[in-house]
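**Q** would you be able to build a 3D model of this:
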Amino acid sequence: MHKPVALITGASTGIGYEMAKIFAARGYDLIVVARTEKHLKNLHKHLSPLVTVTDIAMDLSAPGAGAKLFAKTKKLKLEVDVLVNNAGFGTNGEFVSLDLKRELQETDLNIRVLTELCHLYGAEMVKRKAGKILNVASTAAFQPGPYMSVYYATKAYVLSFSEGLYEELKKKGVQVSVLCPGATVTEFAETAGMGKSRLFTSKLLKPATAEEVAIYGVNKFLKGKTIIIHGLVNKLLVQGNRISARALVRKIAAHLNLQRR
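**A** Alright, predicted model coming up:
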């Protein structure tokens, strides 16, 4: 009997790490991908010995990384039943003052490799007429985000792309969903350099834990929900953005993203 396999990118910390534990508990074997092998090894301590875990340490922001990952799993004869595109990062500050190389790495990781993996593994799933893809976007996907302009734009792409794929693939036996978390307690804020921003310090927008987001996200995903937004406040904010003037939405986002001094 075929045991299902879940491939999770960005699995060494945060939401991806928690998702790996949840899929393992649900009877999936795992392919976990992240830059640092040491961090991937730490995941094994929290998994049953009955779970087969394949660690792949690689920088997915590098050119051709998606094809390289796909080739590795093919060589290992691993059939991916669930693809979770979770790897990504954000940057904070005035765009023209930020390091351009880093901004391009951000677009490569958040957009290019996600697109590449959806194409490569999605085509395999269509051949089998079975498979599931979960792309991790953000509530940032629903609005522009001054001082995080590239990050918000990449997540808007992920949301739109995922919805398009959902319609294309639903009649071919392949499910596509997109998870849109709000502020979450992970290494994201530290990496983006925005731990002191109002987005992560506001009492109203109290960040969720990675475990909470992962549990909610995986449960809704496996039930077939297309757009998954965690938390009542986040759902209300997303709806509010849709009916508010764009100029107001931009100003509020700028206020939340700007670092407190």
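
**Q** mind listing the helices for this protein?
**A** Along the chain, the segments classed as helices by DSSP state H run 14-25, 37-44, 65-75, 100-107, 113-128, 149-169, 188-192, 198-201, 210-222, 232-243, 246-257.

**Q** for the protein, what are the low-confidence residue spans?
**A** Across the chain, the ranges flagged by pLDDT under 70 are 1, 186-205, 240-255, 257-261.

**Q** what are the C-alpha coordinates of stretch 13-20, in PDB please?
**A** Once non-C-alpha atoms are left out, stretch 13-20 reads as follows in PDB (Å, rounded to 0.1, in the frame of the first residue of the first chain):
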ATOM      1  CA  THR A  13      11.400  26.500  11.400                       C
ATOM      2  CA  GLY A  14       8.000  28.200  12.000                       C
ATOM      3  CA  ILE A  15       4.900  27.300  10.100                       C
ATOM      4  CA  GLY A  16       6.600  24.800   7.800                       C
ATOM      5  CA  TYR A  17       8.200  23.000  10.800                       C
ATOM      6  CA  GLU A  18       4.800  22.700  12.500                       C
ATOM      7  CA  MET A  19       3.200  21.500   9.300                       C
ATOM      8  CA  ALA A  20       5.800  18.800   9.000                       C
END
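
**Q** beta partners of the residue nearest to residue 118 when sequence neighbours are not counted?
**A** Of all residues not flanking residue 118 in the chain, residue 133 sits nearest, at 6.0 Å (CB to CB, 6 or more residues apart in numbering). (Each C-beta comes from the backbone N, C-alpha and C, glycine too.) With DSSP bridges as the criterion, residue 133 is bridged to residue 83, residue 176.

**Q** where's the residue lying closest to residue 157 once chain neighbours are set aside relative to residue 162, distance?
**A** Excluding the flanking residues, the one nearest residue 157 by CB to CB, 6+ apart is residue 111, at 5.3 Å. Separation of residue 111 from residue 162 (CB to CB, to the nearest Å) stands at 12 Å.
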